[in-house]
Structures are given as C-alpha cells and as structure tokens.
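K.L.:
Predicted model, plus sequence, below.
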There are 2 protein chains.
Amino acid sequence: MVKNAINREIPDNYAAQYGAFEGAWAKQPTYKTTSRQVHAIHPGDSKLVASIHEAIEKVGLKDGMTISFHHHFREGDYIMNMVLAEISKMGFKNLSIAPSSIANVHEPLIDYIKDGMITNITSSGLRDKLGAAISDGIMENPVVIRSHGGRARAIASGDIHIDVAFLGAPSCDEYGNINGSHGKAVCGSLGYAQIDAKYADKVVAITDNLVPYPNTPISIPQTDVDYVLQVDKIGDPDGIASGATRFTKNPKELIIAEYAAKVIEASNYFKQGFSFQTGSGGASLAVTRFLKKAMIDQDIKASLAIGGITQPMVDLLEAGLVDKLLDVQDFDKASAQSLRDNENHYEMDAEMYASPFSKGAVINKLDVAILSALEVDTDFNVNVMTGSDGVIRGASGGHCDTAASCKMTMIVAPLIRGRIPTIVDQVNTVITPGESVDVVVTEYGVAINPARQDLMAMFKALDVPQFTIDELRQKAYAIVGTPDPIVYTDRVVALIEYRDGTLIDVVRKPGQQND
Amino acid sequence: MVKNAINREIPDNYAAQYGAFEGAWAKQPTYKTTSRQVHAIHPGDSKLVASIHEAIEKVGLKDGMTISFHHHFREGDYIMNMVLAEISKMGFKNLSIAPSSIANVHEPLIDYIKDGMITNITSSGLRDKLGAAISDGIMENPVVIRSHGGRARAIASGDIHIDVAFLGAPSCDEYGNINGSHGKAVCGSLGYAQIDAKYADKVVAITDNLVPYPNTPISIPQTDVDYVLQVDKIGDPDGIASGATRFTKNPKELIIAEYAAKVIEASNYFKQGFSFQTGSGGASLAVTRFLKKAMIDQDIKASLAIGGITQPMVDLLEAGLVDKLLDVQDFDKASAQSLRDNENHYEMDAEMYASPFSKGAVINKLDVAILSALEVDTDFNVNVMTGSDGVIRGASGGHCDTAASCKMTMIVAPLIRGRIPTIVDQVNTVITPGESVDVVVTEYGVAINPARQDLMAMFKALDVPQFTIDELRQKAYAIVGTPDPIVYTDRVVALIEYRDGTLIDVVRKPGQQND
C-alpha cells in the first residue's frame, strides 16, 4: 500500500501503474500527443450507413476495443443504449467504454457488465443504480474516474485510446460536419465530443437531423468523421435540457449564495474584467444572481464566464455584464440558444476548457470558481463522488480541474443535508485536494483555508461569519452527531485519477471484509 | 532514372525516397497521423514574449530544425522576413523552412540560402527572383513543391515535421486565441495556418493587434499556441488584399469566360444545388460573373462555392445564389469582410479543403472547378509552375488537389500569351496530370479530354467551337511557331510532389550541361 501526498492509501499495483498523487502541480510534463489512424475518404465514397449494425461492421469493431460516447444529452441520451444494444446482439466481449460521463438512463450497462460485454469503464461519473452496482463489485476491473480535464489529457496523451467514438449529432450532413445548435435534440456545445472526434481512430456520427451539405456552423468537421448514420431519434429534448434554472427558494441555499457573493465582492478578484465559473446547483445558480446585483451596483463587468453554461450566465451576457462566455456544455435550452445566436458566446472543447497538460486551458485564466461538494473535510479535501454510505453516485466533472487552476476556489454547500454532515473529519473519497480549495461557504458562515493567508487578510472585514473548518465540522457534528465511520472491504471498485493521471484516491466496496 | 506513370523521368534516389507517381488515385492508404510535443502551460505562466529574439530562445530553436510560416498575407507579409532576419542575426544554420507559400516580398531568402542558414525549402510556390535563383541552382537540396492539400497531408502524416511555426495573427489575445478577421492586417481565413498550429511542436503567434482575453471568434485556439509576441506591424493591408476583383476588360479573357460558362451550363452538373470552385485570375473571375447571369436566368442556385474566395463569389452568396462558402483563404477585402460577417461564409483548414488522405476533403464534394494554366500539353497535363523558359515562377496551389477531386475540371487559358503558346506538345513541368483534366477552354474554343466520353456526349450540342487538344496545339503553333525545346542540365533544383507524396515531376536547371 502506498500513501499518496494526501495520505490516501493506494494499493501497490495501481500506484505502480498510475503513479500516486504528489500534489496539484507536481507534474509539469512535456509529452507527445497520441496519433490516430486515418483511412482516406475519396471522391464518390459515401460515409452514410444504413444501420448501427452496418456502422459497427464498417468500423471494424473487435473484442477488447475501446469505444466512447459523449454526455451532452445527459438524461435524454438515446445513443449509448442504442449502440450497446446492437453491440450486445452482435456478441462482442471484453469492451472498454470511455464515455465523457454516464447518466441514470444508462442503467442497461449493468447487464452488459454482468455478461462480460463491458469489462472496463472510464467515466467522469456513475449515477444511482450503476454506481451502486459498481460499488457492490460487479466489475472485476475498477472503474477509472477521470475529471473532464483529466479525460481530455488522457485522450490527447493516449492513456485512453479510443478505437471508435459513437457521437450523437443534433445536426449533421452526409459527410459528417456536426453541430449541437440545430435540430430536434439540441444540446448546444459539443465540447466533450470534439475531443473524441479529434483523437479516435474511427468516428460514427449518429443523427436525427441530416441536413444538406455543407452543414454549418461546424463544431466537429468532416475530417474527424468516418461514417454517418441517420436514425429516428438521438435523444429526448426534455432530458437533454433538464437543468432547472428557476431561482431557488430554499432558504439555506439563498443564505449560502448571499454569503458566497459577499466573499467574491470583498475579494481583490472582484474588479473590472474579472472572470468566473459557477456550477449548476441551486446555490451556485443563486450566486450568479446575487453577483449580478453587486456588479450592477458597483458598475463592475466581467470579461469572461465559463463552464457548463446556465441561463443566469446567459442573462449576464445579455445584460452586458459579461463580455464573453466560453462554453464546454449547456445545461438548459436558454444556454444552447445563446450559443447559437450570440457571437460572444463561444464553444470550446474539453482540452481547451480544462486539460492540465495542454498549451494552456481556459480555467488557468479564472479568478473565481464556485463549486459544490457532497463532503468537505478538515483538510479542505472535497468529495463529489461517493455518498455518506460510501457508495458511488456522483461525478468528478471539472471539479478538481477548476479548483486547481483558478485564483480563488469556493465550495458552496450546506453544513448538513438531512441528518448527514457535509463538513467532516475525512471525506470518503477525495476528488479535489484541499490545497486547491480556498473558501468553504455554508449557511452558518465561511471557512478560509489557512494556507491562503492572503485571503485571511483580505477578508478581515468581511460581513459574513467566519470559522475555522474544524469549527464548521464541530457545528455539523453538534447538530447531527458524529457519523459512524463506513466499513469498507479491501476490494477496490474505482480508481480516482487526479487530473494529471496519478491516483488521488480509490473507492472500495463498502461492507464487511468477507461480504 | 525511373519513368513515372506519366513518363516523367525521376532520378533513382528521389524515386526511392518519395516514390514515383502512379496515378491520381493509386494510393488509398490508412495511416497514423503524426504527434506533436506539448509543453504544459500552467496558471500564472505567461505566453507573452518581448521580442522575436526571446521567442526564438524560448522555443529552443536549433540548427537543422524546420520552421513554418503561412502565406495568408501574400505580398503584404512582414512575418517571414522579420523572423528570418533575427534568426540570421543569431547565427543559426542548416534550417528547413516550410511556408505554405512564398511571395516576391520574401526575396531576402536568397541571401539566407547563400549563407547556409536555409538549406531546405518546401513550399507551394516560388516567385520571380527566388524562383530564378532556385532554378539557377543556388540550393544544394532541391526545393520540394507541394500542393496545398499535399502540404496538409505531409504535415498531418509527419512527412513535414514542423518544429516551430511562426504565425502572423491579425487578432490575438495574450493566450494565443487567433483570428484573421479583425485588426490592422486582416486576411480573413487562416486555413493554411490552422494546420501548422495543430501539428507544430511550438507555435509563436506574432500580432500587431493584441486584444483582451478571450479573443473570439477563434480560428486558432490557445491550446495550439505556446508564445505570443506583439509587434508594430505584421503586414501591409494593401499587399494582403491585393486581389484585383474588377471585371476584366481583356477581350480574350471575356471570350474564355463566356465559353467556360457555356460549358458549365451545358453540363449535367449545372443543376439545383451544384457546387463549384473558381480561381482568382481574370478569366476565372469573369466565369463567376457569367455563371451568375445563367443562374439567375435559369433559376438555379448552388449549394456551395469554395476555395480561395473572391468578391464575385461573395456577391453570389449575398444574392442568394450560393447557400454556403467554405473558405481556406481570402483574396480581397470583400471576402475577408464576408467571412467575418456572414454566417454562411465559413472558414475551413487546409486539410479539410484538400488533403487527399484525410477523412474526406471538401473538394471531394465539388461538381465543377475552373483552374488556370501556364501550359497544357496534348496529354492534358498542366503546368502552373515553370515559365516557357523552364524557370520556376509559379505555385502549385490547390491545382492538382481540386482537379483530381471534382467531377469536371476545366482549365481556362489563352491559346497563346504574347509569342508563347499555352497549348504545347509537352509541358515543361507537370503539376496536374492529364487524367484529372476534363475540359480545356481557350478563346478559340474548347478541347475535351477523350478519356471523358461522357462529356463528349454531353457537349454534342454545345454552342462553343470544339477541337481536339492537338488541334488547339496546332493552332497555337501555327500562330507563334513551334517553340524551341528548352535545354536543361541534369541538375535537379525542385521536386514536384503529387498530392499523395509521390513525385510527379522534377524541375532541372535550364542551360547547357556544364553551365
């Protein structure tokens, strides 16, 4: 067993294979990007195929290969299930899947894992039933959890070699020029899919909206696509744009948001031309609205807002309070529409968004980020992956990427959820190391990471209650009691890759050793 | 000596190294794209450098490396001379340069060749004094002439490995997001530069218009750029947009254009949704205008026009006669403006435009192309590279790419120029093989390639005089006399790569053997 830089125990074999986490910026590599195999398409060649079956035959899928999907359709995705059902019918075994993330709707994966069709998974996240099944140990090989930036890095560097990418294409022509802004299943940005298309040997575009050649705007160009398949429906628009963007009425979330906005306002980062990222949770969305008020009051404009884009950020753009949005994915219809219609709302791919080993990611230019947490511990480590029962149910997302890169990383989270404390002695699973977390904002007040003495000084006069992180932990425990430690077996069910490819943690199967 | 498929003599050593041309579609490879070295840029790292000197030091330039430039600034380019002057001052030797093309303004290259700083050149073209100097044998290693599509293929496949690309950037932010649509030296599309940026190990953006981060639209993203340098001027707008787009009054050109338009009209390709490419010469521009009239008269609209874009194509777009323009470079201000302002005018990179080994180039979707020629021979081979004296003065451009790929390739050229015949027994240098050329249009009438019996049948009732190519040749010789054959030495001064990388021809030094 190896202890990594934050004292997480990594089994020797995995530590040897991936390396153990040494610190957010321990690796500053120069590396060679991977290469892809290109089969030349000549005049007269058609890329159109008549069925998923034909596509699978033509790409030359073989047992043991790696296939990928994008998660821009979220709970509205039809593509992964559609493709895997056909692959299953054709009898393939021992496949690796490398979707950018996995949603509840992908529950059929459980059967494909059980019958040996899928033997390896890498993903940002695993939801509900699949997460529970993985935690229960249905896979022999642990799932590899990668952040969005880490996945882009892994693909660009060849750590993930995608043999075939199957890409849902809201708008596509017969030669494979794709965008996500038009069609029946509009998702807006295709930032995660762009990386798959760029590096995969074979790319199959699956569309329910085949348009005349040439399709523009072009998010993924014809030079990245081998085959085009037209189907009835690639996704459910309601599941795709599922983000509820109404203003939260939850009083806890409103207090947290108000506190968070006050922290930002009081910081040196809140100045003309600042930049920020917010998440899509209730408190996070509310921060954007509080921030809007402060920006108007103080006549301060932001130069840039990024991330998964939500309506409140679009509102800021349209109000002239933000100059530009850079967009790797859209959480609601308003955002997808804005990407289509507003020239200051611009698409970026996952590598440009967040890859740690790129020639410079957009998150490197961020002043402030507001991120969420399932748990934060007294070392400021954050868990967004496993529940209080130790079971996988979350997603790594861009959490550790943005936290590492921006100048002030804020975690917004309620002190307790029901009878469960959010601030704990030790998080179940570390996604983001404490060294990347600067301020934790709860409805009781904030805790500033003592490593950031500059922030401590900056926030001397802050009109928000301030505590040490341990005081917040004590408050939480005082309300709900000290949680019983989760008992785990030795069985490793998931490896948590830090964005640089080293292991920051592993997830073990909860339960007694001989379960 | 090896005779290739069109009977051109290729010295054994070069034939062994590159392969001898076997036919336009002889190679249908599956290949691995090259990889590039990426040095990670972390938060706080600045990409800004204060001088070319500093940029050259930081990229780690070494003797023997390959550096590249783009030719979107044409005769207005300041970048190549500026960079090479500093490299010369720093005393580097034995460099290879791989610009997308070379203009007259780059005459200083002659001295850098003579003093051993530059020992290898690959380019689309060589103009006037440099072309003459190369033909005269100032370089030990022959220049490698590549088409635009061939260069993109060579870069993607690693045949050209660019160590450092120096890119003129009309609009750029401090992190290297670049476009060519805004600024003082607007050039419009950056299609050729995009490929360099994508595959080079190191990329230096040189701009005279540093804008706030993030610069949009993004033609070249920050993830493709290592350093950013601000200078006073990167180019002369008058030299950049030098294309004279007025309607030619030359009666010969007008007749040729009228004939060419009639050929198109009479073809099966002239139908709703057709696609075409025209060049920037007088006759070629005039064809677009004649075509416009025919399109209006017959209520026919094109789906796509591509290529180097000129004002007449923009006029068609704005008149609703063409649905989309795909644009790899702009020849005039109107085109660059249109690219900026019209969402149906879209940028494409050189690989997407014309690479033969890509997953499908745009030229593969072309119905009709109108191309120029310095010489056409009775096998329909075309020379756009060497003059009637055998001296290099032209550019390969996208000639052989488009000719090979589109359904009907038309060459527009006067029968004679001054006392020089255009239609000859044998062209001095083959850029495009006769198999790719379908119709030759002169002011005397047209010749159809007998290999295209379908066109012969199609044009039975064509209201334009028709001749065999040999009859046209006879007419030319009857007017100006049979030209004396050029005497060449054995000294090979340039290799003419076909788009697939094989040698279709070589250029030898003109003169007596012991010159």
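P.N.:
All right, it came through fine.
K.L.:
gap between the two ends of stretch A:4-11?
P.N.:
From its first residue to its last, stretch A:4-11 covers 10 Å (CA to CA, to the nearest Å).
K.L.:
I should have written stretch A:54-74 there, sorry.
P.N.:
End to end - CA to CA - stretch A:54-74 spans 26 Å.
K.L.:
contact partners of the helix or strand of chain A with the lowest mean pLDDT?
P.N.:
Every helix and strand of chain A was ranked by mean pLDDT, DSSP states H and E. The lowest is helix A:237-240, at a mean of 88. For helix A:237-240, the surrounding residues in contact (CB atoms under 8 Å, 6 or more residues apart in numbering or on different chains) are A:72-77, A:105, A:184-187. Any C-beta I mention is one placed from the backbone N, CA and C, and that applies to glycine too.
K.L.:
Could you dump the residues you listed into a markdown table with neighbour count and pLDDT added?
P.N.:
Shown next, in a markdown table, are the contacts of helix A:237-240 (neighbours: other CB atoms under 10 Å in any protein chain shown; pLDDT from 0 to 100):
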| residue | neighbour count | pLDDT |
| --- | --- | --- |
| A:His72 | 29 | 96 |
| A:Phe73 | 27 | 96 |
| A:Arg74 | 20 | 94 |
| A:Glu75 | 16 | 94 |
| A:Gly76 | 21 | 96 |
| A:Asp77 | 27 | 97 |
| A:Val105 | 18 | 96 |
| A:Lys184 | 15 | 95 |
| A:Ala185 | 26 | 96 |
| A:Val186 | 24 | 96 |
| A:Cys187 | 32 | 96 |
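K.L.:
re the thing from before, and the least confident helix or strand of chain A, how far out from the chain's middle?
P.N.:
Counting by CA atoms, centre = their mean, to the nearest Å, helix A:237-240 is centred 18 Å from the centre of its parent chain.
K.L.:
For it, buried residues please.
P.N.:
Burial within helix A:237-240, assessed by neighbour count using 16 or more other CB atoms under 10 Å in any protein chain shown, is assigned to A:237, A:239-240.
K.L.:
quick check, distance from the helix or strand following that helix to the centre of its chain.
P.N.:
Note on helix A:237-240: by DSSP states H and E, the next helix or strand toward the C-terminus is helix A:251-266. How far helix A:251-266 lies from its chain's middle: 24 Å, per CA atoms, centre = their mean.
K.L.:
what does stretch A:268-288 give?
P.N.:
The chain centroid and the centroid of stretch A:268-288 are separated by 18 Å under CA atoms, centre = their mean.
K.L.:
center of chain A - which residue?
P.N.:
Nearest to the mean C-alpha position of chain A, by CA atoms, centre = their mean, lies A:Gly397 at 1.9 Å.
K.L.:
That one: what's it in contact with?
P.N.:
Going by CB under 8 Å, 6+ apart, the list of residues near A:Gly397 reads A:101, A:124-125, A:147-148, A:384.
K.L.:
Sitting in helices, which of those residues do you find?
P.N.:
A:His148 (DSSP state H).
K.L.:
Point out where chain A drops to low pLDDT.
P.N.:
By pLDDT under 70, the low-scoring segments of chain A are A:242-246, A:514-515.
K.L.:
Would you mind giving the domain segments of it?
P.N.:
A:49-239, A:251-483 (automatic domain parsing).
K.L.:
Quick one: end-to-end distance for the longest one.
P.N.:
The reference is to domain A:251-483. Domain A:251-483: ends 25 Å apart by CA to CA.
K.L.:
Tell me the gap between it and the middle of its chain.
P.N.:
14 Å.
K.L.:
And for the shortest one?
P.N.:
Here the centre of domain A:49-239 is set off from its chain's centre by 15 Å, with CA atoms, centre = their mean.
K.L.:
interface residues of the stretch 351-500 of chain A facing chain B?
P.N.:
Residues of the stretch 351-500 of chain A that fall close to chain B, judged by CB under 8 Å from any CB of the partner chain: A:351-352, A:355-365, A:404-407.
K.L.:
quick one: contacts for the nearest residue to A:Ala205 once chain neighbours are set aside?
P.N.:
Counting by CB to CB, 6 or more residues apart in numbering or on different chains, the nearest residue to A:Ala205 once its immediate chain neighbours are dropped is A:Ala169, at 4.3 Å. When contacts are counted by CB under 8 Å, 6+ apart, A:Ala169 touches A:178, A:180, A:205-207, A:209, A:220, A:228, A:234.
K.L.:
among those, which are in helices?
P.N.:
Among these, no member falls in helices (DSSP H).
K.L.:
which of the residues you listed sit farthest apart?
P.N.:
A:Gly180 and A:Val228 (15.4 Å; CB to CB).
K.L.:
and the two? which has more neighbours close in?
P.N.:
A:Gly180 (31 against 25; other CB atoms under 10 Å in any protein chain shown).
K.L.:
A:Tyr192 is in contact with the more buried one, correct?
P.N.:
No. At 10.5 Å, A:Gly180 does not count as touching A:Tyr192 under the criterion of CB atoms under 8 Å.
K.L.:
Name the residue of the stretch 301-450 of chain A that lies nearest to chain B.
P.N.:
The minimum distance from the stretch 301-450 of chain A to chain B, using CB to the nearest CB, falls at A:Gly360 (3.7 Å).
K.L.:
Correct me if wrong: that residue contacts B:Gln222.
P.N.:
Yes. With contact defined as CB under 8 Å, A:Gly360 reaches B:Gln222; the gap is 5.0 Å.
K.L.:
okay, and the common contacts of these two?
P.N.:
B:175-176.
K.L.:
List the residues that contact A:Met213.
P.N.:
I think there's a mix-up here, since residue A:213 is Tyr and not Met. A:173-175, A:177, B:303-304, B:365 are the contacts of A:Tyr213 under CB under 8 Å, 6+ apart.
K.L.:
ok, 10 Å please
P.N.:
Residues near A:Tyr213 by CB atoms under 10 Å, 6 or more residues apart in numbering or on different chains: A:173-177, A:222, B:273, B:275, B:303-304, B:323-324, B:362, B:365.
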